[in-house]
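*Asks:* I would like the atomic coordinates for the input below:
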Amino acid sequence: MSDPKPAPETASPTGGDASSPRAVLFSGARVFDGRSDELTAPTSVLIVDGKIASVGGTEDVPSHALTIDADGRTLTPGFIDAHAHVMLQPTVPEMAGSDLAHHALYGASMAKLYLSRGYTTIRDTGGNTFSLKRAIDSGMNQGPRIYPSGPIISQTAGHGDFTPMSEPARLLGGHRDNMQRDGHLLVVDGVSDMLQAVRYVLGRGASQVKLAVGGGCASDRDPLDVTEFTAEEIEAAVKAAGDWNTYVATHVYNPTGIRRAVEAGARTIEHGNLVDAETLELMKDHGTWLCPQVIVYVSDPPGLAEVTKEKFAQAREGLDTLFELTKKTGFDRIGFGSDIISAPDTLAGINEEFVHRTKWFSPAEILRQATGNNGRLVALAGMRNPYPGTLGVIEPGALADVLLVDGNPLDDPSVLTDPEQNLLVIVKDGQVVKNALADDR
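*Replies:* Alright, predicted model coming up:
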């Protein structure tokens, strides 16, 4: 596997140049605001001290502001990947046979890659990202804002249990596998252990809790139809997360597991490929979010066992039904995620997700999913939100994460698949991370 192209080098607390001005004026930009169906006429957007100060006015522009002539190009909110695994990019054998320091080096590299593709925020839904998040926030490393879940919490023989078959059960003195010891996964059984696990990850700094409540594609021993964790166990997790004023996200494909999670109070369903109409209506009634992915199913990750390939095929075939049902029922609480693991080359092409979704959604719907919708989704973290403020939109008062695109992704989302050429300016938290227009002068 070839190495992906490295992201551009910068250094600042938010991934931009430390000398970058705290005021930036875009002039002549056609704005996609994260909510609308169309671009605005050419207008101005002023950023001051990490927030959008104004849209459409040029008064009160600080004298030290950096002015960028957009020349009619498209200004969008920074993209948000609401189902990322930035630390889980080594292959499964690599993960099992190396230490956390190796995983962290991978994660730091992938964080830079994410930002270079326009992702100013990710919700990491499984992996030991706590130190990486701190390194990015402090300026030690370049990367997106991270909403960390910490380890995926799984039952024995569930989606997060990669204990070798040669290892005896923990009931018989068996040991936890490396993925658990390194903090990427955590296997528990029973209400008492669930409460301890949820409180542990929240105490480490998780912004939300991630449970595996159904079988998974990337794990060998749990078919997709399997329902995991009892209702009492899920309810205990939801209650403990609620006590910390945040929520539970749940990995699950099958309708039984989805219903159990929704009725227990989970706020997001990750995947959901095998949902049926009745279950989607239940999600709609409960205000539950759906965070699906497409790119991860287009081609199988490398090195899969035959049984795992069959599960990926099953999930792939479910996408048509899933998205047709969302259209039929008017379900619109749909996020945008990738779920790319053990595939740095695929992660380098993450923006192909925008093109893959055009089979079911309009370009405007897809852009809303990756910006305004995902901004609402990550805000479910409530008081555990590590970045208080509004993300995913361009409006006065919102956090200043914006991208200047050469082309109109509402007409042709494929312009986003060549970020080196077409992502001309990347701004995160008001700091200029990339400015190809300045480089051209």
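*Asks:* Show me where the stretch 51-200 of the chain dips below the pLDDT cut-off.
*Replies:* Of all residues in the stretch 51-200 of the chain, none has pLDDT under 70.
*Asks:* so Lys434 is in which element?
*Replies:* Lys434 is located in strand 431-435, with elements delineated by DSSP states H and E.
*Asks:* That strand - what's its average pLDDT?
*Replies:* When pLDDT is averaged along strand 431-435, the result is 97.
*Asks:* One more: stretch 413-422?
*Replies:* 98.
*Asks:* Quote the end-to-end distance of that stretch.
*Replies:* The first and final residues of stretch 413-422 sit 11 Å from each other (CA to CA, to the nearest Å).
*Asks:* buried stuff in the biggest helix by length in the chain?
*Replies:* Secondary structure assigned by DSSP state H gives helix 306-329 as the longest helix of the chain. For helix 306-329, a neighbour-count test (16 or more other CB atoms under 10 Å) marks Thr308, Lys311, Phe312, Gln314, Ala315, Arg316, Gly318, Leu319, Leu322, Phe323, Leu325, Thr326 as buried. Quick note: C-beta positions are derived from backbone N, CA and C, even for glycine.
*Asks:* what two of those residues are the furthest from one another?
*Replies:* Largest separation among the buried residues of helix 306-329 by CB to CB: Thr308 and Thr326, giving 26.7 Å.
*Asks:* Report the contact partners of Glu324.
*Replies:* Trp360 (CB atoms under 8 Å, 6 or more residues apart in numbering).
*Asks:* now it: how far from Met95?
*Replies:* Distance, Glu324 to Met95, using CB to CB, to the nearest Å: 36 Å.
*Asks:* Also Arg176?
*Replies:* Counting by CB to CB - Arg176 and Met95 are separated by 14 Å.
*Asks:* So the two - more neighbours on which side?
*Replies:* Ranked by neighbour count (other CB atoms under 10 Å), Arg176 and Met95 place Met95 first, with 24 against 16.
*Asks:* pLDDT weak spots in the stretch 301-441 of the chain?
*Replies:* Ranges of the stretch 301-441 of the chain meeting pLDDT under 70: 439-441.
*Asks:* Pull out the buried positions in the strand ranked longest in the chain.
*Replies:* The longest strand of the chain (DSSP state E) is strand 23-31. Buried residues in strand 23-31, counted by 16+ other CB under 10 Å: Ala23, Val24, Leu25, Phe26, Ser27, Ala29, Arg30, Val31.
*Asks:* Which residues lie in contact with Gln208 in this structure?
*Replies:* Arg123, Tyr147, Ser149, Ala241, Thr246, Tyr247, Val248, Ala249, Leu380, Ala381, Arg384.
*Asks:* Verify the assumption that the second one is located in a helix.
*Replies:* Spelled out, that is Tyr147. No. Applying DSSP: H, G, I helix; E, B strand; the rest coil, one finds Tyr147 to be strand, outside a helix.
*Asks:* Go ahead and confirm it touches Leu391.
*Replies:* No. The pair Tyr147 and Leu391 does not pass the contact test of CB atoms under 8 Å, sitting 9.8 Å apart.
*Asks:* Can you work out which residues contact both of those two?
*Replies:* With contacts taken as CB under 8 Å, 6+ apart, Tyr147 and Leu391 have Thr121, Val378 as neighbours in common.
*Asks:* picking that back up, direction included, what does the strand holding Lys434 pair against?
*Replies:* strand 423-428 (antiparallel) (DSSP bridges).
*Asks:* do you know how far Gly34 is from Leu403?
*Replies:* Applying CB to CB, the value for Gly34 to Leu403 is 11 Å.
*Asks:* okay, how far is it across stretch 58-68, tip to tip?
*Replies:* 13 Å.
*Asks:* contacting residues around it?
*Replies:* Counting by CB under 8 Å, 6+ apart, 20-21, 23-27, 44, 46, 48, 53-54, 404, 425, 432, 435, 437 sit against stretch 58-68.
*Asks:* let's see it at 7 Å
*Replies:* Applying CB atoms under 7 Å, 6 or more residues apart in numbering, the contact partners of stretch 58-68 are 21, 23-27, 44, 46, 48, 404, 425, 432, 437.
*Asks:* Check stretch 122-135 too.
*Replies:* Applying CB under 7 Å, 6+ apart, the external contacts of stretch 122-135 come out as 81-88, 100, 104, 107-108, 111, 114, 141, 144, 146-152, 182-184, 204-205, 210, 249, 270, 378.
*Asks:* What subset of those is buried?
*Replies:* 81-88, 100, 104, 107-108, 111, 114, 141, 144, 146-152, 182-184, 210, 249, 270, 378.
*Asks:* In the contacts of stretch 58-68, find the pair that's most separated.
*Replies:* Val48 and Leu437 (20.1 Å).
*Asks:* circling back to that earlier point, inside strands: which ones of the buried ones among the contacts of stretch 122-135?
*Replies:* Among those, DSSP E puts Asp81, Ala82, His83, Ala84, Ile146, Tyr147, Pro148, Ile152, Lys210, Ala249, Glu270 in strands.
*Asks:* Reformat the residues you listed as TSV; add distance to Asp189.
*Replies:* What follows is these, written out as TSV (distance: CB to CB, whole Å):
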residue	distance to Asp189
Asp81	31
Ala82	28
His83	25
Ala84	27
Ile146	29
Tyr147	27
Pro148	24
Ile152	15
Lys210	17
Ala249	20
Glu270	21
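*Asks:* Helix or strand: which one has Ala135?
*Replies:* helix 130-138.
*Asks:* Please compute how far that helix lies from its chain's middle.
*Replies:* Centroid separation for helix 130-138 versus its chain: 16 Å, with CA atoms, centre = their mean, to the nearest Å.
*Asks:* Next, the buried residues of it.
*Replies:* In helix 130-138, counting by 16+ other CB under 10 Å, buried: Phe130, Ser131, Leu132, Lys133, Ala135, Ile136, Asp137.
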